[in-house]
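Trainee: Need coordinates for the below:
(chains A and B)
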Amino acid sequence: MTNGEQAKTTGGIMVQGLWYNNPVFRQILGICSTLAVTNVVMNTLVMCVSLTLVLTFSALTVSALRKVTPHSIRMMVQTLIIAFYVIIVDVILKGYWPEMSENLGPYVGLIITNCIIMGRCEGFARSNPIWPSIVDGFSNGVGYSMLLLVIATSRELLGMGSILGYPMPYFSTIWDKWTIMVMPPGAFFALACTIWLCRSFKPREEAK
Amino acid sequence: MEELRTALTVGFAAIFTNNILLVYFLGMCPFTSVSREVKTAMGLGFAVIFVMTCTSLLNWVAYHYVLVPLELEFFRFIMFIIVIAAFVQFVEMVIERFSPVLYANLGIFLPLITVNCAILGVSLFMVIRDYSFIVTIAYGFGSGIGWLLAILAMAGIRQRMNTANVPEGLQGPGITLIIAGLMALAFIGFTGVLS
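Mentor: Numbering: from 1, shown residues only, chains lettered A, B, ... in the order given. Next up, the predicted model:
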């Protein structure tokens, strides 16, 4: 019984993170990186994995330390925890995949100031046990990744006629490439349209 | 002389063609949330210019005179964020002491600046692009002005947009992003003015 109940709440937390409380199109958090790394699908994938890892582990650590962290300096502690994991990701990327590290530029370091992570640590992990915090961090990370991949796929497809670097049949031949999609304005338009689509689904779901 | 010229070019590029907000997408959170009114946008913009210029200077010194000699470059994220947090805290204390009126006006925005990714972004770009001290000053200052310009324009447009009939679902952040996209298009028009 307890097992089933836990699974239910775990599922509930996941649905919250993935859709109803999705960090990107509901809370409009962390959109700096959403806009910056979505011109090529490969960069986006690496960014999504890095962010999800940092988010999950930061939530785990913040939650584990929640009883020994003094209330007054908790923001500082959280920032340091996040920075610690970001440094690990940055060092690994630099060591094993220097080109990708160069492609992403400062945006790996900017995971530190990504509002999603601070938001989840402050809003959830700080006052919840370890397991729900991990689930919450992970599902928020996946919710963020989902949206980023949708945006990245459409931008790379329309802008360069390829996905993951492989040319797509129709788009690389007859299609007139929209270069604007891989340039900065395309990022704004693609994100705006995605938010529009996702938010328009809401009324139908509530009617059910 | 040569360095001054580079500094000027980098500074102007940071305002127009390399605008920190419209081209590098940094500082989007306050850009979407604090751009409803011209007056508040202006206050935040000036605070950003000041903090951005000073922290990029402090971080340049900290990076080149502390981290590089100690070979602790990978430690820069923590160093930068601590310098920024400490500086903002210090500025807050000074303003509170000497100008309570300004403090009351800015009070809400100052702590927000600590987590503004544009501030940390400028320091990280300065390291990645290997700027010298003078170029860093110009870059930090120019980026701040570019950010102020963008948020001011957005606030002005949004005040007019209040009466417009925007489809549901596109209201709020959606339409803000579309306007930002159009502004980014306009700023791309400056490409070629500066190389």
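Trainee: which residues of the chain fall in helices?
Mentor: In the absence of a named chain, this looks at chain A. Using DSSP state H, the helices found in chain A span residues A:2-15, A:31-36, A:41-64, A:74-96, A:98-104, A:115-123, A:130-160, A:169-173, A:184-200, A:202-207.
Trainee: actually it's chain B I care about, not the one you picked
Mentor: Under DSSP H, chain B gives helices at B:2-15, B:28-33, B:38-62, B:68-70, B:76-98, B:100-106, B:109-114, B:117-128, B:133-161, B:173-188.
Trainee: Lowest average pLDDT across these?
Mentor: When those are ranked by mean pLDDT, helix B:109-114 comes last with a mean of 71.
Trainee: just to revisit the earlier point, among the helices of chain A, which gets the worst mean confidence?
Mentor: The stretch with the lowest average pLDDT out of the helices of chain A is helix A:202-207, scoring a mean of 50.
Trainee: Identify the residues contacting the residue nearest the centre of chain A.
Mentor: Compute the mean C-alpha point of chain A, and by Cα atoms, centre = their mean the closest residue is residue A:144, 3.3 Å away. Each residue near residue A:144 by Cβ atoms under 8 Å, 6 or more residues apart in numbering or on different chains is listed here: A:22-24, A:30, A:34, A:48, A:51-52, A:116. In short, each C-beta sits where N, CA and C put it, glycine included.
Trainee: related to what we said a few turns ago, tell me the most buried of the helices of chain B?
Mentor: The highest mean neighbour count among those, using mean count of other Cβ atoms under 10 Å in any protein chain shown, belongs to helix B:117-128: a mean of 25.
Trainee: Pick the most deeply packed of the helices of chain A.
Mentor: helix A:31-36 (a mean of 26).
Trainee: which residues sit against it?
Mentor: Residues from elsewhere that reach helix A:31-36 (Cβ under 8 Å, 6+ apart): A:24, A:47, A:51, A:107, A:110-111, A:114, A:144, A:147-148, A:151, A:184, A:187-188, A:191, B:24-29, B:32, B:117.
Trainee: mind redoing it with 7 Å?
Mentor: Residues from elsewhere that reach helix A:31-36 (Cβ atoms under 7 Å, 6 or more residues apart in numbering or on different chains): A:24, A:47, A:107, A:110, A:114, A:148, A:151, A:187-188, A:191, B:24-26, B:28, B:117.
Trainee: go on, stretch B:169-183?
Mentor: Under Cβ under 7 Å, 6+ apart, the answer for stretch B:169-183 is A:28, A:185, A:188-189, A:191-192, A:195-196, A:199-200, B:22, B:32, B:150, B:153-154, B:157, B:161, B:166.
Trainee: Over to stretch A:122-130?
Mentor: With contacts defined as Cβ under 7 Å, 6+ apart, stretch A:122-130 is touched by A:59-60, A:62-64, A:66, A:74, A:78, A:133, A:136-137.
Trainee: would you put the C-alpha positions of that stretch in CSV?
Mentor: The C-alpha trace of stretch A:122-130 is given here as CSV (Å, rounded to 0.1, in the frame of the first residue of the first chain):
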residue,chain,number,x,y,z
GLU,A,122,14.6,27.0,-3.0
GLY,A,123,11.0,26.0,-3.8
PHE,A,124,11.1,22.2,-3.3
ALA,A,125,14.3,20.5,-2.2
ARG,A,126,14.8,22.8,0.8
SER,A,127,11.7,21.5,2.5
ASN,A,128,11.3,18.0,1.2
PRO,A,129,13.0,14.6,1.8
ILE,A,130,15.7,13.3,-0.5
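Trainee: With distance to residue B:66 as extra columns, can I get the helices of chain A in a markdown table?
Mentor: Below are these laid out as a markdown table (distance: least, Cβ to Cβ, whole Å):
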| stretch | distance to residue B:66 |
| --- | --- |
| helix A:2-15 | 42 |
| helix A:31-36 | 28 |
| helix A:41-64 | 25 |
| helix A:74-96 | 17 |
| helix A:98-104 | 23 |
| helix A:115-123 | 26 |
| helix A:130-160 | 33 |
| helix A:169-173 | 50 |
| helix A:184-200 | 34 |
| helix A:202-207 | 51 |
